[in-house]
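> My questions concern the predicted model and sequence given below.
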Amino acid sequence: MLTTLSTAALVLLLLLACWHDLRGRRIPNALTITGAAAGLLLRVPLGGAALLDGVAGMSVALLIALVPFALGVLGGGDAKLLSAVGAFVGLGRLPGALLLVALAGGVLALFEAARQRVLRRALANTFGFVKDWVLFARAGVAAHWRTPGTVSVPYGIAIAVGTLIWWFSGGATP
């Protein structure tokens, strides 16, 4: 029963996040905070260890999301949505969810760049960004998603797709 309720809450959170992200490229704080609270509250009946696992998952997801947020490649709502996902999946199952979210995001970005007919430029920019990041070069010059010519994707969709694939392939099991 609790897994069914958790599944329904997570699916609702992710559907609403996708709707807001597609509609206005923004995921509201009220949605992400409510989602994180729901993820944690649904862990309370499972005991203190499960609640701590949810808090740890939420915290680590936020810490991981802060890096791309600080670099300007991930929005604040996306970072907070990842944190809410961490509350649902917990720390132990977070790496698998994040891996699938990243893969879904990469596929979404490639499709969007191809759709906008800027795939070659997007791949060159990505290679340049990774090279500069690895070599600690050109600090402070990173392109932001609002910079003209950059490809912007509603990353809430990638978060939803990756999370739900993970959840329904066994990431929800305690």
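Great, that's in hand.

> State the helix or strand in which residue 34 lies.
helix 29-41 (DSSP states H and E).

> now what about that helix, what contacts it?
Helix 29-41 has contacts (C-beta atoms under 8 Å, 6 or more residues apart in numbering) with 6, 9-10, 13, 16-17, 20, 51, 54-55, 58, 77, 80-81, 83-88. (Each C-beta comes from the backbone N, C-alpha and C, glycine too.)

> any idea of the mean pLDDT in it?
For helix 29-41, the mean pLDDT works out to 97.

> list the buried ones in that helix?
Counting neighbours by 16 or more other C-beta atoms under 10 Å, one finds that the buried residues in helix 29-41 are 31-32, 35-36, 38-40.

> can you tell me how far residue 32 sits from residue 79?
Distance, residue 32 to residue 79, by C-beta to C-beta, to the nearest Å: 9 Å.

> Then residue 156?
Taking C-beta to C-beta, one finds residue 156 at 11 Å from residue 79.

> again with residue 19
Counting by C-beta to C-beta - residue 19 and residue 79 are separated by 19 Å.

> for residue 155, same thing?
For residue 155, the distance to residue 79 - C-beta to C-beta - is 10 Å.

> ok, the two, which is more surrounded?
Between residue 155 and residue 79, counting by other C-beta atoms under 10 Å, residue 155 is the more crowded of the two (27 against 23).

> ok, residue 165 - contacts?
Taking C-beta under 8 Å, 6+ apart, one finds 100, 104 in contact with residue 165.

> Now name the helix or strand holding it.
helix 155-166.

> What mean pLDDT does that helix get?
Rounded mean pLDDT across helix 155-166 is 96.

> buried residues in that helix?
Quick answer for helix 155-166 (16+ other C-beta under 10 Å): 155-166.

> Measure how far that helix is from the centre of its chain, please.
Relative to the chain's own centre, helix 155-166 is displaced by 7 Å; criterion: C-alpha atoms, centre = their mean, to the nearest Å.

> how close does the nearest residue to residue 87 once chain neighbours are set aside get to residue 80?
Spatial nearest neighbour of residue 87, excluding adjacent residues (C-beta to C-beta, 6 or more residues apart in numbering): residue 39 at 3.1 Å. Here residue 39 is placed at a distance of 12 Å from residue 80 (C-beta to C-beta).

> same thing with residue 65?
8 Å.

> Low-confidence ranges, the chain, go.
Along the chain, the parts satisfying pLDDT under 70 run over 1-2, 128-130, 132-133, 136-151, 171-174.

> where exactly do the helices run in it?
2-24, 29-41, 48-70, 76-115, 119-134, 155-166 (DSSP state H).

> Out of these, which one sits most buried?
Burial of the helices of the chain is given as mean neighbour count (mean count of other C-beta atoms under 10 Å); helix 155-166 ranks first at a mean of 23.
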